[in-house]
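Enquirer: return a 3D structure for these sequence lines:
(one chain, ligands or ions: 1)
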Amino acid sequence: MLEGKVVVVTGAGSGIGRAAVHRFVEAGARVLAADRDFQKAHETCAGLPYATPHKADVTRREDIEALLAKRDHIDVYFNNAGIPETVKPLAEITREEWDAVLDVNLTSLFLAAQVAAPKLRPGGVLLQTGSIIANRPRAGLAEYVAAKSGVIGLARGLAAELAPDVRVNVINPGPANTPMLGGFGFDADVAQALPLKRLIEPEDIADAAVYLAGATAVTGAVFNIDAGRDL
Ligand SMILES: NC(=O)c1ccc[n+]([C@@H]2O[C@H](COP(=O)([O-])OP(=O)(O)OC[C@H]3O[C@@H](n4cnc5c(N)ncnc54)[C@H](O)[C@@H]3O)[C@@H](O)[C@H]2O)c1
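Expert: From the prediction side, this is the model:
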C-alpha cells in the first residue's frame, strides 16, 4: 500500500513510535526511525529490512535538518515524539518544565512544518500525535494539556495553509499501553474506566497512522483513538 514511500517517524525508540515503524515497514515503506535516544531507535529497527535508526531531537531545528539532509523528498513525516510531565498543581510548575513540555509536544510541530513539510512530495502528509487530553483535560497536567490542545490548532491551521499539496492530520490517543502511561497519574484500573474497557495499544495508533498516510481525501482531521474516553 505504501510501497517505496519514504516515511519519517519520530519518537521511534519506544511505544507508539516503535509500533509505527513496524507497521509502516509492513506496509511497504522505507522508514527513517528517529529518536533522541539512538540506542532505542536502533533496537526498534533490529531485524527490519527497510528501517534505519537516526539520532534526532525534535526540538532542535538542526537535528531535523540533519535527519533529512540526504533526502530530496519524503512522503510522510510522523511527528510523534512527546514527553509527559510530573503531575502537580499549577502553582508548582516551573518555567523550565513548561518550556520543556511545550518544546517537545508543540514546538516540534512548528519545526517539522518549516523543515520537513517542504520536502514532502505532493500528496504527502504531516502526521502529529496529539492526545485525547485536549478534549478531556485532567487536573495537574496544565502544560501537557496546553501543548496537546495547541497541536490541534496548529495542525488545522497548517492543513489550510499547506493544501492542496500537503495534508496535515492529528491522532489523539487515549490512555495507551506504553512506558509513558505511568507518568500520567492514572489509577491502576484506568482501562476499566474507559467505555471499551481496554487500553489503547501502540499498534492501534500505528494502524491509524498508516491509514492516514494513504487517505488522500483527509486533511485537518483529528482522529480519536481512545476506547471511548471522549464520550
Ligand atoms: N501513552 C499514552 O497514554 C499517550 C496518550 C496520549 C498521547 N500520547 C502521545 O503519544 C506519543 C508517543 O508516546 P508513547 O506513549 O509512545 O511514549 P514513550 O515514552 O513510550 O515514547 C516516547 C519516545 O519519544 C522519544 N522522545 C522524547 N523526547 C524526544 C525528543 N525531544 N526528540 C526525539 N525523541 C524524543 C523518547 O526517547 C521515546 O522513545 C507522545 O506524543 C505522547 O504525548 C501518549
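
Enquirer: please count neighbours and contacts with C-alpha atoms only from this point.
Expert: Fine.

Enquirer: just give the nearest non-adjacent residue to Leu111, would you?
Expert: Arg61 (6.2 Å; Cα to Cα, 6 or more residues apart in numbering).

Enquirer: quick one: Ala19 from Leu106, how far?
Expert: Between Ala19 and Leu106 the distance, using Cα to Cα, to the nearest Å, works out to 22 Å.

Enquirer: who has more neighbours out of these two?
Expert: Set Ala19 next to Leu106 and count neighbours by other Cα atoms under 10 Å: Leu106 wins out with 26 against 20.

Enquirer: check whether the longest helix seen in the chain comes near the ligand.
Expert: What stands out as the longest helix in the chain, according to DSSP state H, is helix 142-162. No: residues of helix 142-162 are not located near the ligand by Cα under 6 Å from any ligand atom, the shortest gap being 7.7 Å.

Enquirer: show me where this protein has its strands.
Expert: Taking DSSP state E as the criterion, the chain contains strands spanning 6-10, 30-35, 51-55, 74-79, 120-129, 166-173, 222-225.

Enquirer: okay if I get the ones you listed as TSV plus mean pLDDT, distance to Leu158 and mean neighbour count?
Expert: Written out in TSV, the entries for the strands of the chain read as follows (pLDDT from 0 to 100; distance: least, Cα to Cα, whole Å; neighbours: other Cα atoms under 10 Å):
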stretch	mean pLDDT	distance to Leu158	mean neighbour count
strand 6-10	98	18	27
strand 30-35	98	23	27
strand 51-55	98	26	22
strand 74-79	98	14	27
strand 120-129	97	9	24
strand 166-173	98	7	26
strand 222-225	98	13	20
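
Enquirer: those residues of this protein touching the ligand, which are they?
Expert: Looking at the ligand, the residues of the chain close enough under Cα under 6 Å from any ligand atom are 10-17, 35-37, 56-59, 80-83, 104, 129-131, 173-181.

Enquirer: taking the residues you listed one by one, which sit in helices?
Expert: In this view, the residues of the chain next to the ligand that belong to helices under DSSP H are Gly15, Ile16, Gly17.

Enquirer: can you pull the contacts of the second one?
Expert: Neighbour list for Ile16: Asn80, Thr178, Pro202, Glu203, Ile205, Ala206 [criterion: Cα atoms under 8 Å, 6 or more residues apart in numbering].

Enquirer: now do the residue of the chain positioned farthest from its centre, the pLDDT please.
Expert: Relative to the average C-alpha location in the chain, and by Cα atoms, centre = their mean, no residue lies farther out than Ala91, which sits at 28.5 Å. The pLDDT attached to Ala91 in the predicted structure is 95.

Enquirer: just Glu85 next, same as before
Expert: At Glu85 the predicted local distance difference test score is 82.

Enquirer: also Val104?
Expert: At Val104, the pLDDT recorded in the model is 98.

Enquirer: that one touches Asn79, doesn't it?
Expert: No: with contact defined as Cα atoms under 8 Å, Val104 does not count as touching Asn79 (9.9 Å).
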